[in-house]
Structure formats: C-alpha cells, structure tokens
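*Asks:* Sequence first, predicted model second:
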Amino acid sequence: MNSVMELLQNHTSVRKFKEQPVADQLLQEIVQASQYASTSNHIQAYTMIRVKDQDKKNTLATLSGNQPYVAECPIFLVFCADLNRLGKACSINHETIESSSTEIFIMATVDVALVAQNIMIAAESAGLGGVYIGGIRNNPQAVCDLLQIPQHVYPVFGMCLGYPEKINATKPRLPLSLILKEDTYSTVGDEEHLKEYDDLISNYYKERTNNKRSNTWTEGIAAFLKEKQRPHMKAFLNDKGFEMK
Ligand SMILES: Cc1cc2nc3c(=O)[nH]c(=O)nc-3n(C[C@H](O)[C@H](O)[C@H](O)COP(=O)(O)O)c2cc1C
C-alpha cells in the first residue's frame, strides 16, 4: 500500500484536541492544496468561513446540538455551498444566474464535499485531525444570521481541526462486496454480508474505549433512519434561494 492509501485507511474522526495552535500558514497551505479538488464545470461553488471568535464558536457548539469540540478546537471551518459569487460572475457578463434548478444545488453541494474531504486528508497528512459537523444543519438559519451568510449560500457542514489529543481506533467499513458492484446493481448475497458486518461492528463497539455499546450497524441505521432527518431543510433551502426546481 502506498502512503496516501495508508493515510486514507487510518482516518478516524478526532474530537479531542491539544491546545497547541495550528499555524495560519499551515492552514493556508492545506486549503490551497485542497482547492485542486475536481469541481463541476470549474464552478468552485464553495466558500469556507473560519470562525475564530470564541463567542461565535461557543454559539455554534450550542447550535450544533451541544458539541463541545466545536468550541474547543483550534480551527473551526463552516463549509458553504456558494452560488452568490457565481451570480456575480454572471452579472459581470450582463447575464443573470439561473439558480433555481435541483442540478445546480447538487453541483454546489458536491463541490463543497470534495474540497472538504481534501482538507480533511491534507490536514491529516500534516499531523492534524478533525471531524465534520453536520450538526450545524440543526439550526441553519441561526448559523446564517451569526455568520452573515447571504442568499444563495448555505452552510453544508462544519469541520473541527487541530492536533489530536486522542486518536480513536479506526471504525470498520462495509465489506467491498456490498459497495463495489460489477456491471449491474446486484444485491445477491448482500444480506449475508450485512450480517457479517453487523458482527464485526458490534465487536468494535463492544471493545472500543469510549461510548461502549453492543448494537449492530443495521440496528443503528434503523433507529436513525426511521425518523425524518432535519425536516426544516427544504423550507430553509428554498428561503435561501435554492429552489430545487
Ligand atoms: C457530513 C458529515 C457530518 C458529520 N457530522 C458530525 C457531527 O455533527 N458530529 C460528530 O461528532 N461527527 C460527525 N460526523 C462524523 C461521523 O460520525 C464519522 O465520520 C463516522 O461515524 C465515521 O467515523 P470515523 O470518521 O471516525 O471513521 C460527520 C461526518 C460527515 C461526513
């Protein structure tokens, strides 16, 4: 395995950070390297807001469902899908952006995810660790008010970064047979492989140091997905100018 693949397979989310600050120059290098992520039609439809103000970080920790590491981490980034700048690009050229489609919403959201994952990996390659914070979508309008996020821009997730105080064991992923198919979407054997994965993950949950539990992956998914997730998102996005027609 080469060193990049090794780095990828060693990823675990970090939620406990050393107080050691991260040099601004290192953050800039990480972000600059990450900008070379592929981007739909080169639209680069993202903006990251680094939140330095401690009061704002505290508020974001609360808004994210009381996640203390949002307040504690040396670097907190809010990743936004951004059509605002693209609107400017159009108006400079005497055109009006057609921002109402579902497709442009997907393009911008995918762009955000790609650049963010590059940032996570670049940060890990430099000895940092981090965790995504989807919790900012618990209260997306309050996040927009706090950070003055305009129309046609929405906060997709946050990310905590810093030098790890504690590194968790890697969480086993689904077996390849479930996620890599050949020629057709065949589900033959999937149930059996899910059962094997349930055994693997429940052993992992039983053995890990923190938050020990004994449930399986499918049980966790069922408990999570029987509920409608963040039902406010559609109205929020529509209000923000993402009409998704
Ligand atoms: C978009 C996204 C949002 C996430 N939101 C949160 C979050 O709000 N809080 C948290 O503690 N972890 C969050 N996570 C981290 C996941 O729980 C974690 O990646 C997953 O359980 C796999 O664990 P690992 O990253 O340690 O391998 C998020 C991950 C992603 C990709």
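*Replies:* Looks like it came in fine.
*Asks:* Please, which helix or strand holds the most centrally placed residue in the chain?
*Replies:* Residue closest to the mean C-alpha point of the chain, counted by Cα atoms, centre = their mean, is residue 132 at 4.4 Å. Assigned by DSSP states H and E, residue 132 belongs to strand 129-133.
*Asks:* For that strand, buried residues please.
*Replies:* For strand 129-133, a neighbour-count test (16 or more other Cβ atoms under 10 Å) marks 129, 130, 131, 132, 133 as buried. In short, each C-beta sits where N, CA and C put it, glycine included.
*Asks:* next SSE after it?
*Replies:* Sequence-wise, the next helix or strand downstream of strand 129-133 (DSSP H and E) is helix 140-147.
*Asks:* Need the mean per-residue confidence for that following helix.
*Replies:* Per-residue pLDDT over helix 140-147 has a mean of 98.
*Asks:* Which other helices and strands does that helix contact?
*Replies:* Applying 3 or more Cβ pairs under 8 Å, 6 or more residues apart in numbering; DSSP states H and E, one finds that helix 140-147 contacts helix 54-63, strand 153-162, helix 233-239.
*Asks:* what do you get if the cut-off is 10 Å, keeping everything else the same?
*Replies:* Secondary-structure packing of helix 140-147 (3 or more Cβ pairs under 10 Å, 6 or more residues apart in numbering; DSSP states H and E): strand 46-51, helix 54-63, strand 75-82, strand 153-162, helix 233-239.
*Asks:* Quick one: name whatever helix or strand follows the helix or strand encompassing residue 7.
*Replies:* Element membership for residue 7 (DSSP H and E) is helix 3-9. Sequence-wise, the next helix or strand downstream of helix 3-9 (DSSP H and E) is helix 24-34.
*Asks:* before we move on, the earlier item: is the ligand contacted by the strand holding residue 132?
*Replies:* Yes - using Cβ under 6 Å from any ligand atom, strand 129-133 reaches the ligand at 131, 132, 133.
*Asks:* How about the spatially closest residue to the last one that is not a sequence neighbour: which residues does it bridge to?
*Replies:* Read that as residue 133. Leaving out its chain neighbours, the residue that sits closest to residue 133 by Cβ to Cβ, 6 or more residues apart in numbering is residue 158, at 3.6 Å. Listed by DSSP bridges, the beta-bridge partners for residue 158 are residue 78, residue 133.
*Asks:* residues in contact with residue 158?
*Replies:* 48-49, 51, 57, 60-61, 63-64, 67, 70, 73, 76-79, 116, 131-137, 143 (Cβ atoms under 10 Å, 6 or more residues apart in numbering).
*Asks:* Ok, residue 97 next?
*Replies:* 83, 84, 85, 86, 87, 88, 89, 90, 91, 104, 152, 241.
*Asks:* How about residue 82?
*Replies:* Residues in contact with residue 82 (Cβ under 10 Å, 6+ apart) are 43-48, 108, 111-112, 149-150, 152-154, 156.
*Asks:* gap between residue 203 and residue 154?
*Replies:* Applying Cβ to Cβ, to the nearest Å, the value for residue 203 to residue 154 is 39 Å.
*Asks:* Compare those two (neighbour count), which wins?
*Replies:* Per other Cβ atoms under 10 Å, whichever of residue 203 and residue 154 has more neighbours is residue 154, with 28 against 13.
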